[in-house]
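Visitor: I need the structure of the sequence given here:
(one chain, ligands or ions: 1)
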Amino acid sequence: MYTNRKKNFLYLIRNSTIESTRFDECTGCEIPCKEHISYPPEILKRIDQSNMSNSVEKHCRHLCIGQSILPSQWPKDVKDLQGNYIRELTKILHENKDSIGYSIKVTSTSIMSKNNSEQIADWYLFPDQIKLYNVHMKQVKDIVQKLFINDESIIKIKDTTKTIEEQLKQNNHLPIFYENIICEKLHGLWILVCCHYQRDQRCGVIGPILVDEIEKYIRKTNRTDNVHCLKISHIGGHRFAGNVVIYPSGTWYGRVLTCHIPLLIDAYTSSSTTDLKNKLKPLLRGHLETI
Ligand SMILES: [Zn+2]
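Guide: Here you go, the predicted structure:
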């Protein structure tokens, strides 16, 4: 009797040891992880597990239109947002697509702003990493002309003699606009996460959980000055949620779990980045492209 009980005890210990030493090769987290929050099972089972490399539509720039509208309030198509700001902007981009000569991704982003006018927005432009404050709808056409047709941003997309990385290292002058518009350089790492619930529940549920985890890790590692996060609207590929885009490199990742966040941030901020980026390869969807 005693021997049997002892045997059972040893069996339990051995099994719990085996259980606790199973780790995800990519993140180093225990499976299942007790530290990082997991997604609802009904959402997880709807994530596409097929090959996601090269699942990014060709584009050379990403413009995020920042307004004080919560992601939960974004309609299915952000062109239908009250005030028609994005509708007007995309119309102007479309009318000028031949003179622009490359594709620009346009998304909404939710920001805290003192300005509540539907006619005014703050622009975040990547990979240029610049922010334009207070762009009035009436000024959109001129700014599109200056930034995208005349190529007067700090990155000259149409100059193929230098890579974007090389251009970012140079201290190019910020473009000058109207008096009401302030233009500033954005520093550090920018992590954009699709959180568009009314477009697709997968990104709508997973996105905000990821953003919480990102913000938690940024605070924990004292990187609030160097790492920034934006909730954005539809960028393509909800079936691969969580969808995350990193700037200035313009790298897209899919099927991102909360367990991946420390690795993702460390890979773009620490000194041994190559090894860490290699670990992220299974999540890679594609890249921003050059002309
Ligand atoms: Zn974990």
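Visitor: check whether residue 267 sits in a helix, strand or coil.
Guide: Secondary structure, DSSP: H, G, I helix; E, B strand; the rest coil: residue 267 is helix.
Visitor: hmm, it is touching residue 276, no?
Guide: Yes. Between residue 267 and residue 276 there is a contact at 3.6 Å, judged by C-beta atoms under 8 Å. C-beta coordinates here come from the backbone N, C-alpha and C atoms, glycine included.
Visitor: neighbour count winner among those two?
Guide: residue 267 (21 against 18; other C-beta atoms under 10 Å).
Visitor: give me the distance between that one and residue 215.
Guide: 18 Å (C-beta to C-beta, to the nearest Å).
Visitor: what about the strand or helix carrying residue 132, average pLDDT?
Guide: Using DSSP states H and E, residue 132 falls within strand 130-136. Averaging pLDDT along strand 130-136 yields 95.
Visitor: repeat for stretch 142-159
Guide: 93.
Visitor: for it, the distance to its chain's centre please.
Guide: Centre-to-centre, stretch 142-159 and its host chain are 23 Å apart (C-alpha atoms, centre = their mean, to the nearest Å).
Visitor: which residues touch that stretch?
Guide: For stretch 142-159, the surrounding residues in contact (C-beta atoms under 8 Å, 6 or more residues apart in numbering) are 60-61, 89, 92-93, 96, 99-102, 104, 123, 125, 127-128, 130, 132, 135, 162, 164, 167-168, 172-175, 177-178, 181, 185, 290-291.
Visitor: what residues does the stretch 1-150 of the chain have near the ion?
Guide: 29, 33, 36 (C-beta under 5 Å from the ion).
Visitor: if you set the cut-off to 8 Å instead, what comes out?
Guide: 24, 27, 29, 30, 33, 34, 35, 36 (C-beta under 8 Å from the ion).
Visitor: skip the chain neighbours and tell me the closest residue to the fifth one.
Guide: Meaning residue 33. residue 259 (5.2 Å; C-beta to C-beta, 6 or more residues apart in numbering).
Visitor: could you check how many residues crowd around that neighbour?
Guide: Residue 259: 22 neighbours (other C-beta under 10 Å).
Visitor: pLDDT score assigned to it?
Guide: 96.
Visitor: assign a three-state SS to it, would you?
Guide: Per three-state DSSP, residue 259 ends up helix.
Visitor: same question, residue 277
Guide: Applying three-state DSSP: residue 277 is helix.
Visitor: how many neighbours does it have?
Guide: By other C-beta under 10 Å, the residues close to residue 277 number 17.
Visitor: repeat that for residue 24.
Guide: Applying other C-beta under 10 Å, we find 15 residues neighbouring residue 24.
Visitor: now it: closest residue in space, sequence neighbours ignored.
Guide: Using C-beta to C-beta, 6+ apart, the closest residue to residue 24 is residue 31 (5.7 Å).
Visitor: thank you, goodbye.
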